[in-house]
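# Sequence and predicted structure below; questions after.
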Amino acid sequence: MDPTPNSTTCVVCGTGLVKNGRHPSGTQRWRCPACGASSVRRRPDVTRWEQLRKFVTWVTGKHTQAELDGTATGRSFRRQI
Ligand SMILES: [Zn+2]
C-alpha cells in the first residue's frame, strides 16, 4: 500500500532524517537534511485502533458518519470500516 518504509533514513539517499514539525493530522513529519525529501512514519496498529474507536462511537452514538471522519460525505469512514 505505502511504499515508504518506517525508518529514520531517507528513502531517496539513505541519510538520517531529522524531525520537521507536524503533519496537519498531528503526525510527526520527518525531513532529509541532505536532499530535502520529507516523509511521515505510519503506525498501522495505532491507525486500526483509531478506526475501531470511531466505529464503536458511530454504532453506539448519534453522530453521522460524516461528522466522525470530518468530511462532507463520510465516504472515507465507510471505506475504513
Ligand atoms: Zn535524502
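Alright, I've got the coordinates.

# Can you show me the helices along this structure?
All helices of the chain, identified by DSSP state H, fall at 44-60, 65-69, 75-80.

# ok, the residue in the chain sticking out farthest from the centre to F55 distance?
Ranked by distance from the centre of the chain (C-alpha atoms, centre = their mean), the top residue is K62, with 25.5 Å. Computed as C-beta to C-beta, to the nearest Å, the K62 to F55 distance reads 15 Å. All C-beta atoms are positioned from the backbone trio N, CA, C, and that covers glycine.

# ok so, going back, if you average pLDDT over each of the helices of the chain, which is lowest?
Lowest mean pLDDT within the helices of the chain: helix 65-69, a mean of 87.

# So for that one, what gets flagged as buried?
Applying a neighbour-count criterion of 16 or more other C-beta atoms under 10 Å, the buried positions in helix 65-69 are 65, 68-69.

# Distance-wise, check the residue lying closest to R31 once chain neighbours are set aside relative to the ion.
Closest residue to R31 apart from its sequence neighbours, by C-beta to C-beta, 6 or more residues apart in numbering: N20 at 3.6 Å. Look at N20 and the ion: by C-beta to the ion, to the nearest Å, they are 12 Å apart.
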